[in-house]
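Novice: Can you look at this prediction? I've put the sequence above it.
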Amino acid sequence: MRLRPLLVAAVLVLAVQLGLSVWAWGQIPAGELVPVHWDVSGSPDGFASKPWGLFGLPLITLAVAGLLAVVPRIEPRRANLERSSKAYLSVAVSTLLFLAAVHVFAVLSATGATLSAGWLALPLSALFVAAGVAMRRIRPSWLFGFRTPWTLTSELSWRRTHEVGSRAFVAVGAAGPLVFLLAGPQAALWVLVGGVVCVSVALVPFSYLVWRRDPDRQGSSGS
């Protein structure tokens with residue numbers, strides 16, 4: 001798999017994050033704590049030292065990018081992941097861009113800007129739509145996709161679960177901006193997080209039910 005798009009995205013995102021952190025360093029007094037966590041109302045409820053608060057997320061981004069680059073090399077079903085390369089790279093790059101958006105929000109909050117965590121609903125919506133579009137093109141693999149014991153042992157369960165999951169993720173992601181406009185950022189964030197949790201939970205029994213109807217499933221005794 002050609003990982004150049006992932007590597008380019010990682011370099012650009014890290015450059016933005018580090019540049020913003022270096023700028024913010026001079027804006028925050030020495031010894032001052034930096035918010036790193038926000039409650040459901042968008043108010044900061046967790047704080048860290050200035051070094052970790054400004055450079056912790058770039059380190060996490062670097063670790064995530066490294067993991068995403070390693071996965072194609074250790075995936076047991078490498079051929080299938082290669083066939084899903086466009087979907088994989090789409091989700092990988094979208095994930096890095098979302099981390100960039102989170103870092104921008106965190107740094108601006110640390111420098112005194114009054115922002116609601118609900119504004120992260122917009123980049124989160126984009127991430128869910130990208131994931132949903134990609135899901136339909138994912139071939140069975142151990143490290144990428146919606147993996148349950150039943151999707152991993154039935155081609156039919158894998159395909160149908162990802163088809164349904166694709167439509168559901170896109171629908172949830174597309175609902176985010178609409179709720180954002182009608183009910184505000186915080187409501188949109190609740191809808192996005194709650195919607196994806198519900199979809200993910202529902203796909204587990206769905207994958208099992210499809211698996212039960214598949215006569216070619218692995219582990220089937222034919223009954």
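Specialist: Yep, it's here. Bear in mind that the values here come from a model prediction, so they are computed numbers and not experimental data.
Novice: CA only for contacts and neighbour counts going forward, please
Specialist: Will do.
Novice: Without its sequence neighbours, what residue ends up closest to Ala168?
Specialist: Setting aside the residues directly before and after it, Ala168 is nearest to Val199 in space (CA to CA, 6 or more residues apart in numbering), at 6.8 Å.
Novice: how close does the one you found get to Pro205?
Specialist: 11 Å (CA to CA, to the nearest Å).
Novice: could you list every residue that touches the most centrally placed residue in the chain?
Specialist: With distances taken as CA atoms, centre = their mean, the residue of the chain nearest its centroid is Thr95 (4.9 Å). By CA atoms under 8 Å, 6 or more residues apart in numbering, the contact list for Thr95 reads Leu127.
Novice: which stretch of helix or strand covers it?
Specialist: helix 85-110 (DSSP states H and E).
Novice: what helices or strands is the helix or strand following that helix leaning on?
Specialist: Going down the chain from helix 85-110, the next helix or strand is helix 121-135, by DSSP H and E. With contacts defined as 3 or more CA pairs under 8 Å, 6 or more residues apart in numbering; DSSP states H and E, helix 121-135 has these neighbours: helix 85-110, helix 155-183, helix 185-212.
Novice: got the angle for the helix holding Thr95 vs helix 121-135?
Specialist: 170 degrees (axes from the mean of the first three to the mean of the last three CA atoms, to 10 degrees).
Novice: quick one on the thing from earlier: between the helices and strands packed on helix 121-135, which one is nearest to Ser125?
Specialist: Taking CA to CA, helix 155-183 is the member of the helices and strands packed on helix 121-135 nearest to Ser125, at 4.3 Å.
Novice: just checking, what packs against the closest one?
Specialist: helix 121-135, helix 185-212.
Novice: Switch the helices and strands packed on helix 121-135 over to TSV; also include distance to Pro149.
Specialist: Shown next, in TSV, are the helices and strands packed on helix 121-135 (distance: least, CA to CA, whole Å):
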stretch	distance to Pro149
helix 85-110	21
helix 155-183	10
helix 185-212	8
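Novice: Does Trp38 touch Val102 like I think?
Specialist: No - using CA atoms under 8 Å, Trp38 is not in contact with Val102, being 11.8 Å away.
Novice: Comparing the two, which shows the higher neighbour count?
Specialist: Counted by other CA atoms under 10 Å, Trp38 and Val102 do not tie: Val102 has more neighbours, with 18 against 15.
Novice: The nearest residue to the more buried one once chain neighbours are set aside: what's it in contact with?
Specialist: Take Val102 and drop its neighbours on the chain: the residue closest to it by CA to CA, 6+ apart is Leu120, 7.0 Å away. When contacts are counted by CA under 8 Å, 6+ apart, Leu120 touches 101-102, 105, 185, 189.
Novice: what's the answer for Ala171, then?
Specialist: Val129.
Novice: do you know how far it is from Phe128?
Specialist: 9 Å.
Novice: Average pLDDT for stretch 175-182, rounded please.
Specialist: Per-residue pLDDT over stretch 175-182 has a mean of 94.
Novice: Name the residues of it that are buried.
Specialist: 175-177, 179-180 (16 or more other CA atoms under 10 Å).
Novice: ok, of these, which one's closest to Trp150?
Specialist: Of all those, Trp150 sits closest to Ala175, with 29.3 Å by CA to CA.
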